[in-house]
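Colleague: After the sequence you'll find the predicted model.
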Amino acid sequence: MSKIISASIDLSKIDKTRIVEGKNGAKYYDLTIFVNDEKNKYDQDVSIATGQTKEERTAKEKRTYIGNGKVTFTKEPETKQEQQASSTNHNNSNDDLPF
């Protein structure tokens, strides 16, 4: 299943000391993105937090939430019946070929 998520982050909440430079010179900031089953009162079902290190997770430190958003599109995977129907229709379309 694929999804499209629209979100925004509050740049003033970013801890600048957590920005790391990659080998290619690009700068990265680790994020953790949560997709919730239910929407909040603002019709949002996505939360964004600063990524935590293994040590921070082990110490159960509080997450720093920096943004939110919502799922704007979801494509459900085809069911087996839909796949079979598609396959059957495809095979029947070859019957009219002259060879």
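Modeller: Good, I have the coordinates.
Colleague: Direction included, what does the strand ranked longest in the chain pair against?
Modeller: Secondary structure of the chain read by DSSP state E shows that its longest strand is strand 65-75. The strands beside strand 65-75 in its sheet (DSSP bridges) come out as strand 2-9 (antiparallel), strand 46-50 (antiparallel).
Colleague: Tabulate the ones you listed (a markdown table), appending distance to Phe34, mean pLDDT and mean neighbour count.
Modeller: (C-beta placed from N, C-alpha, C; glycine too.) Output for those, formatted as a markdown table (distance: least, Cβ to Cβ, whole Å; pLDDT from 0 to 100; neighbours: other Cβ atoms under 10 Å):
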| stretch | distance to Phe34 | mean pLDDT | mean neighbour count |
| --- | --- | --- | --- |
| strand 2-9 | 11 | 94 | 12 |
| strand 46-50 | 4 | 97 | 19 |
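Colleague: residues making contact with stretch 67-78?
Modeller: The contact list for stretch 67-78 (Cβ atoms under 8 Å, 6 or more residues apart in numbering) reads 1-10, 13, 35, 39-40, 42-48, 86.
Colleague: Please consider this matter closed, and thank you.
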